[in-house]
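S.K.: would you be able to build a 3D model of this:
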Amino acid sequence: MEVLERPPKNLSVPLSGGSVWNSSNSTSGCLESADFQYLLFPVVYSLVFALGLVGNLFVLGYFFRTKSATEPANVFLVNLAAIDLLFVLTLPFRIAYHALRNDWVFGEALCKVTGCLFFANLYGSSLFLACICLERYVAVVHPLRHLRLRQLRYRVAAAVGVWAVLVAAVLYLALRGPLTSRFPDGRTACLENFSSSSWRGRISSVSLFAAAVGFLLPLFLIGVCYPLIAWRLLATPGMQPGSRAVRRKALRTVLVVLGVFLVCFAPYHLVQVVHTLGRAGVLGGCPLIRATYVARRLTMALTSLNACLDPLVYYFAAERFAWQPGWWKCCCCCCCRRRLETAQPSLLRLRGLVARKQGSSSWGESCAPGTAQ
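M.R.: Sure thing, here's the model as predicted:
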């Protein structure tokens with residue numbers, strides 16, 4: 001959530017580059033400037049939009065095409081892909097906003113919609129990733145309990161609970177007041193430029209609550225589950241090969257989830273909490289607000305990358321997912337074979353004769369239907 005203090009009346013002076021002079025927490029006033037954001041956000045958001053749209057549409061299409069969306073192991077993955085896709089669809093509006101030097105021209109309603117979806121993706125992704133991690137922990141450390149909890153209704157209930165928390169939080173944010181306001185130079189702000197009273201009221205309360213429930217709690221769960229999964233994996237050397245593969249897959253899944261958290265979510269939330277406490281008058285003054293304002297712009301760009309990195313979680317966590325090395329090998333092999341048949345048929349026949357004499361079937365069988373691993 002992008003936030004920038006609204007200057008009190010008679011104390012604000014419009015400056016070039018979108019900077020604002022305010023006197024929120026000190027008598028001398030604060031000068032905030034981050035002109036790099038007008039290039040950073042359009043570039044990063046455009047990249048995330050392209051990759052996230054293709055990746056998440058592919059994932060959802062695969063789940064529904066194979067009728068595996070309702071499998072218990074895939075419920076959290078489907079919800080994660082859905083919330084990523086909703087966020088990606090709002091990015092063209094954010095790209096235009098930052099390209100216009102933070103001037104929102106789409107009205108209050110769209111500001112609330114895009115802002116709430118950004119907020120929901122930020123914390124919904126964290127909660128669904130934590131659910132995936134917790135499910136892997138139960139499967140490895142408590143396998144008998146996992147057999148009882150594997151039923152679809154438990155996964156659906158957990159997903160509905162996450163959505164209920166998100167809806168309650170975004171409704172509180174959206175219905176308590178407008179999310180657009182005017183900069184001193186006439187531009188319209190969206191999700192920033194809040195007044196001091198808003199910071200000390202709904203903005204700080206939502207920000208701190210979201211950081212606790214949407215980041216610290218999932219991070220705690222992941223931080224506890226990963227060592228326990230690793231310990232169980234290393235403490236049971238005599239496992240069957242199939243069981244060992246399942247547990248190693250669970251360990252890789254939790255490791256990828258932890259990596260997404262540390263890269264995408266941890267920097268932003270640390271900066272956001274400090275910035276919120278500074279805006280609320282609990283910590284520091286203008287130097288702290290100026291520093292965290294710039295840092296928040298950088299870390300916000302990192303948070304959007306989760307829509308591109310979550311497909312790594314699908315690869316490691318989904319059962320029978322299509323992104324398999326054998327599938328890519330088969331596609332590449334068949335593509336090369338078609339080219340050779342068109343351009344050099346004699347060379348292809350020669351390769352086939354050599355392969356048959358050597359007893360090799362890699363050139364023919366690897367491209368046969370149904371051989372992808």
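
S.K.: do a quick rundown of the strands in the stretch 101-250 of the chain.
M.R.: Along the stretch 101-250 of the chain, the segments classed as strands by DSSP state E, counting those that start in this stretch run 180-182, 188-190.

S.K.: just those: most buried one?
M.R.: Scoring the strands of the stretch 101-250 of the chain by mean neighbour count under mean count of other C-beta atoms under 10 Å gives strand 188-190 as the most buried, with a mean of 22. Any C-beta I mention is one placed from the backbone N, CA and C, and that applies to glycine too.

S.K.: adjacent strands (with direction) for that strand?
M.R.: The strands beside strand 188-190 in its sheet (DSSP bridges) come out as strand 180-182 (antiparallel).

S.K.: from the chain's centre, how far out does the strand it pairs with sit?
M.R.: Its chain's C-alpha centre lies 28 Å from the corresponding centre of strand 180-182 when counted by C-alpha atoms, centre = their mean, to the nearest Å.

S.K.: next: stretch 108-116.
M.R.: Distance of stretch 108-116 from the chain centroid (C-alpha atoms, centre = their mean) equals 19 Å.

S.K.: what comes into contact with that stretch?
M.R.: Stretch 108-116 is contacted by residues 1, 90, 93-94, 104, 170, 173-174, 178-180, 190-191 when judged by C-beta atoms under 8 Å, 6 or more residues apart in numbering.

S.K.: can you point out the buried residues in stretch 61-80?
M.R.: Within stretch 61-80, the residues that qualify as buried by neighbour count (16 or more other C-beta atoms under 10 Å) are 62-63, 68-69, 71-80.

S.K.: and the helices in the stretch 151-300 of the chain, which stretches?
M.R.: Remark: helices of the stretch 151-300 of the chain, listed N- to C-terminal, are 152-175, 196-198, 204-211, 217-235, 241-260, 266-279, 286-304; assignment by DSSP state H, counting those that start in this stretch.

S.K.: I misspoke; the intended subject was the stretch 1-150 of the chain.
M.R.: Counting by DSSP H, counting those that start in this stretch, residue ranges of the helices within the stretch 1-150 of the chain are 37-65, 75-99, 107-141, 143-149.

S.K.: would JSON lines of the strands of the stretch 101-250 of the chain with distance to Leu255 and mean pLDDT be doable?
M.R.: Rendered in JSON lines, the data for the strands of the stretch 101-250 of the chain read as follows (distance: least, C-beta to C-beta, whole Å; pLDDT from 0 to 100):
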{"stretch": "strand 180-182", "distance to Leu255": "41", "mean pLDDT": "87"}
{"stretch": "strand 188-190", "distance to Leu255": "37", "mean pLDDT": "90"}
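
S.K.: adding distance to Tyr137, write those strands out as JSON lines.
M.R.: Supplementary listing: the strands of the stretch 101-250 of the chain in JSON lines, determined by distance: least, C-beta to C-beta, whole Å:
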{"stretch": "strand 180-182", "distance to Tyr137": "43"}
{"stretch": "strand 188-190", "distance to Tyr137": "39"}
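
S.K.: low pLDDT regions in the chain?
M.R.: Low-confidence segments of the chain, defined by pLDDT under 70, are located at 1-33, 195, 198, 236-244, 246, 316-373.

S.K.: what residue spans form the domains of it?
M.R.: Split into domains by automatic domain parsing, the chain comes to 13-323, 326-365.

S.K.: just name the most buried of the ones you listed.
M.R.: Greatest average neighbour count among these goes to domain 13-323 (a mean of 18), per mean count of other C-beta under 10 Å.

S.K.: figure out which of the strands of the stretch 101-250 of the chain is closest to Val156.
M.R.: Distances from Val156 to each of the strands of the stretch 101-250 of the chain were compared using C-beta to C-beta; the minimum, 34.2 Å, belongs to strand 188-190.

S.K.: so which residues make contact with the closest one?
M.R.: 2, 4, 97, 102-105, 111, 114-115, 179-183.

S.K.: what's the closest of the helices of the stretch 1-150 of the chain to Gly281?
M.R.: Nearest of the helices of the stretch 1-150 of the chain to Gly281, taken as C-beta to C-beta: helix 107-141 at 23.5 Å.

S.K.: the inter-axis angle of that closest one versus helix 266-279?
M.R.: Note on geometry: by axes from the mean of the first three to the mean of the last three C-alpha atoms, to 10 degrees, helix 107-141 and helix 266-279 are set 130 degrees apart in direction.

S.K.: how far does helix 107-141 sit from the chain's center?
M.R.: Helix 107-141 has its average C-alpha position 8 Å from the chain's average C-alpha position, going by C-alpha atoms, centre = their mean.

S.K.: is it true that Thr180 touches Phe106?
M.R.: No - under the criterion of C-beta atoms under 8 Å, Thr180 is not in contact with Phe106, lying 9.4 Å apart.

S.K.: which residues sit in contact with Ala295?
M.R.: The contact partners of Ala295, by C-beta under 8 Å, 6+ apart, come to Pro267, Val271, His275.

S.K.: middle-most residue in this protein, spatially?
M.R.: Within the chain, the residue whose C-alpha comes closest to the C-alpha centroid is Asn306; the distance, by C-alpha atoms, centre = their mean, is 2.7 Å.
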